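[1] Structure for the following, please:
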Amino acid sequence: MTRIVSAPMDLVIATHLGVDVKLFGLNLAMSLPYSRHVRSGSTGLELHLRGVTNDEIRQLDFQFYSALELREAKRQEQGADQTIPAPQMPSNSILEPVKANITNDVGTTYICVGGRVGGTGTDWDATWIYNPYPPSEAETLTLEFTVSGTPTCLSCVVEL
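    Reported below is the predicted structural model:
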């Protein structure tokens, strides 16, 4: 059974563009989708992050949903004009750069092989998939968080 040995007390692991990002979970037993880095049926790690609701998020959400409404109104006026670009969810630019460098006590190299940010109903959530699954001899995972590759100086140690 996994347990957090050390982490920031509030689990906020990064602040990016005025939004705090929390460690929301770590799933160690997921089946990974096929990619050029992993074979079908492989297992690995799934890292879950979440933006902490604050005034900045409320303002970004207001702007995003206002832009969606404006786009729909223009589409109604002009017909099904596909040239009107959809606004991007604000969580994309906030959460996309937040990742982790993951290591363990036996020297395994973990690679981020994919993930997703946002989506309807999960606007301020991000999930990153890392490969491989920790070997049986590993006792701890260390997650050192980054924003655009720059360390946040915050980390989390998980006992396996």
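
[2] show me what contacts Ala138?
    By Cβ atoms under 8 Å, 6 or more residues apart in numbering, the contact list for Ala138 reads Asn104, Asp105, Val106, Thr108, Leu160. Heads up, the C-betas are built off the backbone N, CA and C, glycines and all.

[3] Export those as TSV, with columns for neighbour count and pLDDT.
    Shown next, in TSV, are those (neighbours: other Cβ atoms under 10 Å; pLDDT from 0 to 100):
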residue	neighbour count	pLDDT
Asn104	18	97
Asp105	14	97
Val106	12	97
Thr108	15	95
Leu160	16	92
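
[4] Please tabulate those residues in a markdown table, including the columns secondary structure and distance to Glu72.
    Converted to a markdown table, those look like this (DSSP: H, G, I helix; E, B strand; the rest coil; distance: Cβ to Cβ, whole Å):
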| residue | secondary structure | distance to Glu72 |
| --- | --- | --- |
| Asn104 | strand | 48 |
| Asp105 | coil | 53 |
| Val106 | coil | 53 |
| Thr108 | coil | 48 |
| Leu160 | coil | 48 |
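
[5] what's the following helix or strand after the host helix or strand of Val113?
    Assigned by DSSP states H and E, Val113 falls within strand 111-117. With elements assigned by DSSP H and E, the helix or strand that comes after strand 111-117 is strand 125-131.

[6] Can you tell me what sits against that following strand?
    Residues beyond strand 125-131 that count as contacts (Cβ under 8 Å, 6+ apart) turn out to be 21, 24, 30, 32-33, 37-38, 42, 44-51, 91, 95-96, 98-100, 102, 110-119.
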